[in-house]
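Colleague: Build me a model:
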Amino acid sequence: MPKPVIAAVNGVAAGGGFSLALACDLTIACESARFVTAYSHIALTPDLSCTYFLPRLVGNKKGLEMLYTNASITSKEALELGIVNQVVPDKEFQKTVQDVVAQLTERPAFALANTKKLFRLSWSAELESQMENETEMIGQAGLTPDFAEGITAFIEKRKPRFK
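Modeller: Numbers count the residues shown, from 1 in each chain. Below you'll find the model as predicted:
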């Protein structure tokens, strides 16, 4: 998925919902949200990429502890562990999510998609090959109309209007 994917957690993210929240690029939770793995309570193993993203976000020991114990964590704890990007008061939740979506839709799609791609490639790349990937992507980005608009807007001291 080349576009940014946002999880908006307003309630309990359990089992597959927890896994999906981990897999998203950005996760916003309201203060009352809770997160629980829930798999071993029903004699299942994790799915939906949980075992890929959870150790990368919280480390092996904490990830295994969460999966073994099925402990429920608060949105504040999820923020501290790096599972969510932002926790907002329940009353501000919808507006905050809408504001983040609006900000991202104003950004150049090509640049966001390739930034996301570079992040994914970095997990299996050596430093030199990742720098080559970056050089290739920045060269491609420099040929886009959005890059021209970004430079023009910068020079004219105005907000860019990406397409």
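
Colleague: right, and residue 66 touches residue 51 too?
Modeller: No - contact criterion C-beta atoms under 8 Å: residue 66 and residue 51 do not qualify, at 11.3 Å. Every residue, glycine included, has its C-beta placed from N, CA and C.

Colleague: between the two, which one's more packed in?
Modeller: Counted by other C-beta atoms under 10 Å, residue 66 and residue 51 do not tie: residue 66 has more neighbours, with 23 against 16.

Colleague: Could you give the number of residues near the residue nearest to residue 56 when sequence neighbours are not counted?
Modeller: In space, residue 56 comes closest to residue 123 once its chain neighbours are excluded; the distance is 7.9 Å by C-beta to C-beta, 6 or more residues apart in numbering. Per other C-beta under 10 Å, the neighbour tally for residue 123 reads 9.

Colleague: Quickly note the distance from residue 123 to residue 93.
Modeller: According to C-beta to C-beta, to the nearest Å, residue 123 stands 31 Å off from residue 93.
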